[in-house]
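J.: This is a predicted model, with the sequence first.
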Amino acid sequence: MKVTSKRWVAAFLAVMMLVSLLSINAFAATPENVKQYGNYVSLGDSVGSGFGMPEYNRYGKMVCDEVLMKRISGAYPDLVATWTGANLTQLCMPGYTSAALRYELDDSFEMNEWELYELSNFTFGYYDQEYLDENKSTFREAVTNADLITLDIGLNDTWYSSIALVYYVAEDGSIGPFDPRETLEKELENYGTWGTVVRNAMYLLAGLAENPDKWSTYVSMLITNLSNYLTVYQENYEAIVTKIFEYNPDVTVVAVGIANPFKEWEIIPGVGGNYKIQLYDGGPVKVDLPIIGEFILPDEVTLSPTAAMLAQGMYDLTYTSARKYFTKVYPGQYLYADVSDADLIGKTATIPLYENSTLDDSGFNPHPTAEGHEYIAEQIVAQLPERDTSAEENCPSEKFTDLDTSAWYHEPVDYVLNKGIMAGMSENTFEPESNVTRAQVATMLYAMENKPAVSSTAGFSDVSEDAWYADPVNWAAANGVVAGMGDGTFQPDTAVTREQLATMLRSYASYKGKDVSANGDISTFADASSVSTWATENVSWAVGNGIIGGRPGNLIAPQGTATRAETATMFMQFCKKVIG
């Protein structure tokens with residue numbers, strides 16, 4: 001073949017590869033065009049909890065009521081929920097292992113005693129058997145009602161099992177006049193971070209030196225420890241995924257990959273980098289190995305001249321392979337987001353700055369930075385489908401000069417406009433940020449009922465017969481969909497509160513003969529106690545059905561108002577999830 005011909009072939013192949021890459025990226029959703037979801041549940045450990053973010057650190061560096069199950073600003077679940085327009089249920093639990101999450105979902109599973117001990121020890125007694133049992137219903141209800149789930153669990157498995165072995169050996173050691181070892185909380189309180197590390201190391205060495213007759217036992221435990229890590233995690237993870245789809249066969253799950261916290265640790269100064277090698281096509285495969293049994297083998301491995309290689313090798317072999325494998329089992333529903341390039345807080349083991357540390361004062365912190373969380377959220381969104389734009393050729397929002405067709409509210413506003421549930425405030429304005437009044441909500445529900453004839457009045461002193469909202473309010477009152485304020489008035493021009501709106505929607509659902517018995521758990525919201533007694537069941541129902549979600553600061557804001565854009569979103573979810 002002539003040289004010129006070879007060049008043409010090479011150029012052609014290069015162009016085809018570029019086109020392929022562009023084609024792949026063209027179909028990846030972005031924060032601006034991602035599909036909108038109703039309920040989003042984030043399952044995982046401290047990585048997704050926001051551990052290390054400023055809002056979390058205000059309350060300390062461990063587990064506490066102020067941050068547990070709360071929406072932390074800037075954490076990747078917060079960003080994903082914002083971009084997908086979803087109501088977030090945050091169930092990323094700092095310290096949780098795959099066994100703990102499996103226990104929350106699977107009645108047939110029991111945790112090992114040492115796992116429960118370490119779970120309690122490393123959370124200063126916050127998690128125990130009773131705590132896990134109390135939260136089973138919370139996890140199962142959230143999964144059952146979810147439209148989107150992110151799953152990010154497992155890194156604590158190796159940490160706990162390794163530390164359990166260290167503690168076992170250390171307990172066999174004694175160091176003369178030194179104080180006996182206590183719980184982690186007491187050790188840190190009495191001796192500080194480095195004092196605790198040094199003391200445990202001393203007792204570990206003493207345990208080894210003083211008990212040569214137990215070395216074979218220690219080695220056996222180490223082998224068991226590693227084999228459990230290699231196999232038990234995959235068993236737990238498969239059980240978790242299976243249970244999720246048992247509770248909710250239609251849900252979309254995005255499994256979040258792993259960012260190696262040791263990838264910057266150089267053995268030889270100036271020599272670094274990570275290199276992925278593809279072993280075979282088609283993704284990870286499950287095989288039946290002698291002694292080990294069923295095991296998911298990775299489809300690629302990472303080589304590195306740094307200290308990262310050992311950790312990354314284990315991640316590739318166990319964590320990553322398991323998380324990727326189920327894309328073949330549940331195609332289109334179970335997705336995988338590679339986040340290996342996420343920026344982490346602690347790149348070295350010697351960062352002395354306190355503000356860069358949340359695990360301890362040593363400075364090493366394997367949790368994402370703000371940029372890392374944003375990167376992870378973008379990778380998750382990139383796996384999701386784009387928003388349906390099939391109706392946008394005749395987009396009803398385009399006629400309104402104050403609507404941004406790239407904004408989060410575009411789909412729900414188009415939905416209510418197309419359905420005739422809402423209309424503009426003028427010929428060319430929608431006023432998405434204006435508050436919705438009580439009369440407007442009655443009018444929306446009246447429109448959903450195709451505006452039936454009204455022959456009676458409710459007798460509200462402030463609703464005149466010739467008011468534009470008279471028929472909607474009188475119809476809604478006659479059918480038990482709305483009620484007055486208790487003093488003979490309806491207050492039609494008053495901005496509707498979120499708890500009033502939840503009550504009206506639930507009343508309409510009941511009027512339509514829908515089952516309104518399923519309620520959500522609102523106790524996790526910081527202001528749950530501020531929900532009016534008469535509205536508690538209605539707000540719980542709206543939260544449980546994905547109609548109303550929390551606001552920043554983990555607030556349900558029951559006496560807060562709702563903008564027209566927010567109301568459009570609530571009505572779209574109400575129609576799709578409840579009315580049908």
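T.: Structure's in. What do you need?
J.: quick check, L335 in a strand?
T.: Yes. When DSSP: H, G, I helix; E, B strand; the rest coil is applied, L335 is found to be in a strand.
J.: What residues are bridge-paired with it?
T.: Legend: beta-bridge partners of L335 under DSSP bridges are V254.
J.: How many residues are close by it?
T.: The number of residues packed near L335 is 19, by other C-beta atoms under 10 Å. Glycine gets a C-beta too; all of them are placed from N, C-alpha and C.
J.: That one against V256, yeah?
T.: No. The pair L335 / V256 is not scored as a contact, 10.0 Å apart, by C-beta atoms under 8 Å.
J.: next structured bit after the lowest-mean-pLDDT helix or strand in the chain?
T.: Within the chain, no helix or strand scores below helix 3-26, which has a mean of 39 by mean pLDDT, DSSP states H and E. Under the assignment DSSP states H and E, the closest C-terminal helix or strand after helix 3-26 is strand 39-44.
J.: Strand partners (parallel or antiparallel) of that following strand?
T.: strand 87-92 (parallel), strand 148-152 (parallel).
J.: Just give me how far the shortest one sits from the chain centre.
T.: On the basis of C-alpha atoms, centre = their mean, to the nearest Å, strand 148-152 is displaced by 6 Å from the centre of the chain it belongs to.
J.: Quick check: next helix or strand after that strand?
T.: With DSSP H and E, the next secondary element past strand 148-152 is helix 155-170.
J.: average model confidence for whichever helix or strand comes after that next one?
T.: Following helix 155-170 in sequence order, the next helix or strand is helix 184-210 (DSSP H and E). For helix 184-210, the mean pLDDT works out to 75.
J.: Check stretch 519-526 too.
T.: 86.
J.: Contacts for it, please.
T.: With contact meaning C-beta atoms under 8 Å, 6 or more residues apart in numbering, stretch 519-526 is reached by 69-70, 137-138, 141, 145, 528, 531, 536-537, 539-545, 550, 553-556.
J.: Would you mind confirming that P366 is in contact with L344?
T.: Yes. Contact status for P366 versus L344: in contact at 5.7 Å, counting by C-beta under 8 Å.
J.: Mind putting the strands paired with strand 39-44 into a markdown table with distance to T327, mean pLDDT and mean neighbour count?
T.: Output for the strands paired with strand 39-44, formatted as a markdown table (distance: least, C-beta to C-beta, whole Å; pLDDT from 0 to 100; neighbours: other C-beta atoms under 10 Å):
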| stretch | distance to T327 | mean pLDDT | mean neighbour count |
| --- | --- | --- | --- |
| strand 87-92 | 21 | 92 | 26 |
| strand 148-152 | 12 | 97 | 25 |
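J.: Of those strands, which is nearest Y127?
T.: Closest to Y127 of the strands paired with strand 39-44, according to C-beta to C-beta: strand 87-92, at 13.4 Å.
J.: what's next to the next helix or strand along the chain from that closest one, contact-wise?
T.: Per DSSP H and E, the first helix or strand lying C-terminal to strand 87-92 is helix 98-105. Contact partners of helix 98-105, identified using C-beta under 8 Å, 6+ apart, comprise 43-44, 93, 109-112, 115, 119, 127, 132, 135-136, 139-140, 143, 153-154, 157, 232-233, 236-237, 239-240, 243-244, 247.
J.: would you list the strands paired with strand 39-44 in CSV and tack on distance to T429?
T.: Compiled in CSV, the strands paired with strand 39-44 are given as follows (distance: least, C-beta to C-beta, whole Å):
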stretch, distance to T429
strand 87-92, 28
strand 148-152, 33
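J.: closest one to N474 among the ones you listed?
T.: Nearest of the strands paired with strand 39-44 to N474, taken as C-beta to C-beta: strand 87-92 at 32.6 Å.
J.: Just the residues contacting the closest one, thanks.
T.: Residues outside strand 87-92 that contact it (C-beta under 8 Å, 6+ apart): 38-50, 69-72, 77-78, 80-81, 138-139, 142, 146, 152, 543, 546-550.
J.: how does it look with 6 Å?
T.: 39-44, 48-49, 69, 71, 77, 81, 142, 546, 549 (C-beta atoms under 6 Å, 6 or more residues apart in numbering).
J.: what distance separates it from the centre of its chain?
T.: Distance, centroid of strand 87-92 to centroid of chain: 5 Å (C-alpha atoms, centre = their mean).
J.: And for stretch 63-77?
T.: That offset, for stretch 63-77, works out to 10 Å (C-alpha atoms, centre = their mean).
J.: buried set for that stretch?
T.: Across stretch 63-77, burial judged by 16 or more other C-beta atoms under 10 Å covers 63, 67-77.
J.: do the same with stretch 518-525
T.: 519-522, 524-525.
J.: Over to stretch 288-301?
T.: Going by 16+ other C-beta under 10 Å, stretch 288-301 has these buried residues: 295-296, 298-299, 301.
J.: can you check stretch 541-557 too?
T.: 541-550, 554-557.
J.: Equivalent analysis for stretch 104-114, please.
T.: Quick answer for stretch 104-114 (16+ other C-beta under 10 Å): 104-106, 111, 114.
J.: Now the two most distant members of those residues.
T.: L105 and W114 (21.0 Å).
J.: pretty sure G44 contacts D152?
T.: Yes. G44 lies in contact with D152 (C-beta atoms under 6 Å); the separation is 3.5 Å.
J.: State the distance from the residue lying closest to V329 once chain neighbours are set aside to D487.
T.: Nearest residue to V329 in three dimensions, chain neighbours excluded: V241, at 7.8 Å (C-beta to C-beta, 6 or more residues apart in numbering). To D487, V241 is 55 Å away according to C-beta to C-beta, to the nearest Å.
J.: A478 too?
T.: 19 Å.
J.: mind checking which of the strands paired with strand 39-44 is nearest D316?
T.: strand 148-152 (16.8 Å).
J.: Show me the chain divided up by domain.
T.: As recorded under automatic domain parsing, the domains making up the chain are 37-172+211-383, 393-579.
J.: least reliable of those domains going by mean pLDDT?
T.: Looking at the domains of the chain, the bottom one is domain 37-172+211-383 with a mean of 81.
J.: so how far is that one from its chain's centroid?
T.: A distance of 13 Å separates the centroid of the chain from that of domain 37-172+211-383, by C-alpha atoms, centre = their mean.
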